[in-house]
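>>> Take this sequence and fold it.
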Amino acid sequence: MAMIKYSCGLIGNSSSGLIEVPSLKVATINIGDRQKGRVRGASVIDVPVEKNAIVRGINISQDEKFISVVQSSSNPYFKENALINAVRIIKDFIKSKNKDYKDFYDIPECTTRYD
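Coordinates of the predicted model:
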């Protein structure tokens, strides 16, 4: 994520392109329908899995008007005081006597090899 802030955008089908990247004020070219149904900001360009469509998406993402839209857009997933709330939840969990988590059960090493 740290490097994306200094890039011209993100190309792929990861949820981070819809959820985190809009806060960095760079474009996301979302390829395919893996993220279908998710809320997306104005900085997201949806394209099908097709070479020419992806190239068009790249060209749109570099257009001055679109860059202006991206720079002024907001992240639909932004939550006020998210960091403060996350720290509070973690502290409360650490202090809690009833830790509501699943135990880890290690699986014995597999003895069968597939060569």
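>>> can you pull out the strands in this protein?
9-12, 27-31, 44-47 (DSSP state E).
>>> Now render those as JSON lines, adding mean pLDDT.
Below are those laid out as JSON lines (pLDDT from 0 to 100):
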{"stretch": "strand 9-12", "mean pLDDT": "96"}
{"stretch": "strand 27-31", "mean pLDDT": "97"}
{"stretch": "strand 44-47", "mean pLDDT": "98"}
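>>> Out of those strands, flag the one nearest Ser74.
strand 44-47 (12.4 Å; C-beta to C-beta). The way it works is simple: take the backbone N, C-alpha and C, and place the C-beta from them, glycine included.
>>> Now find how far off-centre the lowest-mean-pLDDT helix or strand in the chain is within its chain.
Every helix and strand of the chain was ranked by mean pLDDT, DSSP states H and E. The lowest is helix 82-95, at a mean of 91. Distance of helix 82-95 from the chain centroid (C-alpha atoms, centre = their mean, to the nearest Å) equals 22 Å.
>>> next one: stretch 1-15
9 Å.
>>> show me the contacts for the one residue sitting closest to the centre of the chain.
By C-alpha atoms, centre = their mean, the mean C-alpha position of the chain lies nearest to Ser16, the distance being 0.7 Å. Each residue near Ser16 by C-beta atoms under 8 Å, 6 or more residues apart in numbering is listed here: Met1, Leu10.
>>> and if we set it to 6 Å?
Ser16 makes no contacts at all, as judged by C-beta atoms under 6 Å, 6 or more residues apart in numbering.
>>> on that earlier part again, let me have the strands of the chain in CSV, extended by mean neighbour count and distance to Asp106.
Shown next, in CSV, are the strands of the chain (neighbours: other C-beta atoms under 10 Å; distance: least, C-beta to C-beta, whole Å):
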stretch, mean neighbour count, distance to Asp106
strand 9-12, 19, 33
strand 27-31, 25, 37
strand 44-47, 20, 40
